[in-house]
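[1] Pasting the sequence and the predicted coordinates here, then a few questions.
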Amino acid sequence: MLKITLTRGLTAKTEVQRRVVRALGLGKFGSSVVRADSPTIRGMVNKVHHLVTVCAHEEDGGKDNKVKKATKAKKVEA
């Protein structure tokens, strides 16, 4: 897994670079996403390497726990 963070703004960047950043799931300056490490994602990161910071991210399952808790809360309210 890769954690990708947008570290530069998109002002005065080409339309292709803006589309790649958007396709990665990044919006505003400082936003981060976690994506699977694949050749497709690596190619996209390579196109905008000067705008993003990439680091390894270990999947810990914390997100699944939050989803389960939210689901339980909805069932109690209903």
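    Thanks, I have the structure now.

[2] Helices along this protein, start to end?
    Assigned by DSSP state H, the helices in the chain fall at 15-24, 39-47, 62-77.

[3] any idea how far the residue nearest to the spatial centre of the chain is from Ala12?
    The residue lying closest to the centre of the chain (CA atoms, centre = their mean) is Val33, at 1.7 Å. According to CB to CB, to the nearest Å, Val33 stands 23 Å off from Ala12. Bear in mind the C-beta positions are built from the backbone N, C-alpha and C, glycine included.

[4] what does Thr5 give?
    Using CB to CB, Thr5 is found at 20 Å from Ala12.

[5] And those two? Which one has more around it.
    The neighbour count for Thr5 versus Ala12, taken as other CB atoms under 10 Å, is higher for Thr5 (15 against 5).

[6] Setting the sequence-adjacent residues aside, check what's closest to the more buried one.
    Nearest residue to Thr5 in three dimensions, chain neighbours excluded: Ser32, at 4.4 Å (CB to CB, 6 or more residues apart in numbering).

[7] The one you found and Leu6, how far apart?
    With the distance defined as CB to CB, Ser32 ends up 8 Å from Leu6.

[8] Give the residues shared as contacts by those two.
    The contact sets of Ser32 and Leu6 overlap at Leu26 (CB atoms under 8 Å, 6 or more residues apart in numbering).

[9] Which of the two has more residues huddled nearby?
    Neighbour totals were compared for Ser32 and Leu6, and Leu6 leads with 21 against 15 (other CB under 10 Å).

[10] tell me the contacts of the more buried one?
    21, 26-32, 51-52.
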